[in-house]
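A.B. asks: Turn this into a model:
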Amino acid sequence: MSVELNHTIVHSRDKKVSADFVGHILGLEVGAQWGPFIPIEAANGVTLDFMDSTDIKPQHYAFLVSDEEFDQIFARIKAAGIPYWADPGHSIPCEINRHYGGRGVYFDDPDGHAFEAITTPYA
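C.D. replies: Numbering: from 1, shown residues only. All right, here's what the predicted structure looks like:
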């Protein structure tokens with residue numbers, strides 16, 4: 001059996017608010033609460049399991065998306081007035097990147113986690 005990432009826990013001040021935010025922006029369905037978690041499942045079966053926490057250390061979550069999905073995600077970011085950047089250090093605001101012939105954008109969730117949508121994997 002090959003090793004695959006199955007899930008990761010996303011610490012949030014309010015798991016429902018955070019899961020709804022991320023699900024909306026990425027265009028993913030928010031699952032039913034399971035134990036202390038609210039999951040969002042990506043197309044490859046990996047889930048982000050949002051959990052309430054008072055100890056939040058911002059993390060980075062990157063998603064490989066199609067060009068069409070990128071257009072939809074980027075449109076939702078702009079429509080919601082969410083700040084976005086072309087880089088993980090937030091030094092190039094209001095722009096996207098075009099690394100490796102694709103497109104990429106960074107935005108933060110309500111808890112300060114950095115989310116990234118890219119159309120081409122980085123080499």
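A.B. asks: rest of the way, CA atoms for contacts and neighbours
C.D. replies: OK.
A.B. asks: For stretch 40-49, buried residues please.
C.D. replies: 40-42, 47-49 (16 or more other CA atoms under 10 Å).
A.B. asks: Using a markdown table, lay out these together with pLDDT and distance to residue 6.
C.D. replies: Shown next, in a markdown table, are those (pLDDT from 0 to 100; distance: CA to CA, whole Å):
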| residue | pLDDT | distance to residue 6 |
| --- | --- | --- |
| 40 | 98 | 12 |
| 41 | 98 | 10 |
| 42 | 97 | 10 |
| 47 | 98 | 7 |
| 48 | 98 | 9 |
| 49 | 98 | 10 |
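A.B. asks: what ranges do the strands span in this structure?
C.D. replies: Listed in chain order, the strands of the chain (DSSP state E) span residues 7-12, 37-41, 47-52, 60-64, 104-108, 114-118.
A.B. asks: which of those strands sits most buried?
C.D. replies: strand 104-108 (a mean of 24; mean count of other CA atoms under 10 Å).
A.B. asks: Rounded mean pLDDT for that one, please.
C.D. replies: For strand 104-108, the mean per-residue pLDDT is 98.
A.B. asks: what's the angle from it to strand 114-118?
C.D. replies: If you take axes from the mean of the first three to the mean of the last three CA atoms, to 10 degrees, strand 104-108 sits at 160 degrees to strand 114-118.
A.B. asks: the inter-axis angle of strand 104-108 versus strand 60-64?
C.D. replies: Using the same axes, to 10 degrees: strand 104-108 against strand 60-64 is 140 degrees.
A.B. asks: which residues sit in contact with residue 111?
C.D. replies: 12-13, 18, 56, 58 (CA atoms under 8 Å, 6 or more residues apart in numbering).
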